[in-house]
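Trainee: for reference, the sequence and a predicted model appear below.
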Amino acid sequence: MASDSGGGPAIDVWTRERPGSRRPRLSPGRIAEVAMRLADEEGVEALSMRRLAAELDAGTMTLYHYVRTKDEVLALVIDRVMGEIIVPADELSGSWREAVTAVAHRTRDCLLRHPWMFDIAEDPSLGPNGVRHFDQSLQALASVDLDLEQRLDIIHVVDEYVFGYCLQAREDQSFDEGSPHARAMFDYVMELLPGGDYPQLAELVDADGAESVWRRVLAHNADPERFDRNLARLLDGIERDLGLGD
């Protein structure tokens, strides 16, 4: 995502000194709080320096004393989101599967609250909460006898599952059975089937009826138990492949 102004890399937002007044007008925490509220209400596109300054009741040039670019704003706000992913210590004290599941649940819930995270085209610089999340992910696997690369494999594949699930959930938000979009998609698929290029779908429709198949597909997408069911299958495979069972 392009910056609103020039400046150094976004990691500077964590390392440089702040304006030197005894009681600074703004703080990184306040900037991140307001930026996250804007993103939740209006999407990440709302996070221009000018709009953020107005919401903070500060001049744009005053805001530039604290954050020099839009990338730095994104670094602050994403680290605030990452703070919501931090798991209470007692939820990491069980088995590796329980700990990994706790991290996955926390991540899923956070991404579902803030779906605009998927609209950020570039990864902002990692902040302290992001580092803490990574440390907790390693902590969740501290009880298993694996090398670093194997632990990273587990962390990455679970993250990829969680992010994929949340991205799909975001796309499905306007796709319930009664929505015009869902009905238009149903009609489109039905027009394609007679051509013979989709034999598996045609077989399902012939056996159960088009409306029944469509309702089952939509119900499966909305099934609240699907996340845990497939996470368990993923962890089962990891457990067998790496010999982590009791």
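Mentor: Structure received. This structure is a prediction, so every number in the text was calculated from the model and none was measured.
Trainee: ok, the residue nearest to Thr60 when sequence neighbours are not counted - contacts?
Mentor: Using Cβ to Cβ, 6 or more residues apart in numbering and skipping the chain neighbours, the partner closest in space to Thr60 is Ala53 (4.4 Å). For every residue, glycine as well, the C-beta is placed using N, CA and C. Applying Cβ atoms under 8 Å, 6 or more residues apart in numbering, we find Ala53 in contact with Gly59, Thr60, Thr62, Leu63.
Trainee: switch those over to a markdown table; also include pLDDT and neighbour count.
Mentor: Converted to a markdown table, those look like this (pLDDT from 0 to 100; neighbours: other Cβ atoms under 10 Å):
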| residue | pLDDT | neighbour count |
| --- | --- | --- |
| Gly59 | 89 | 13 |
| Thr60 | 88 | 16 |
| Thr62 | 87 | 14 |
| Leu63 | 91 | 20 |
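Trainee: can I get those in CSV including distance to Gln136 and secondary structure?
Mentor: Putting the contacts of Ala53 into CSV (distance: Cβ to Cβ, whole Å; DSSP: H, G, I helix; E, B strand; the rest coil) gives the following:
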residue, distance to Gln136, secondary structure
Gly59, 39, coil
Thr60, 37, helix
Thr62, 36, helix
Leu63, 32, helix
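Trainee: any idea how far Leu38 is from Ser48?
Mentor: Applying Cβ to Cβ, to the nearest Å, the value for Leu38 to Ser48 is 9 Å.
Trainee: who has more neighbours out of these two?
Mentor: Taking neighbours as other Cβ atoms under 10 Å, Leu38 and Ser48 compare with Leu38 leading, 21 against 14.
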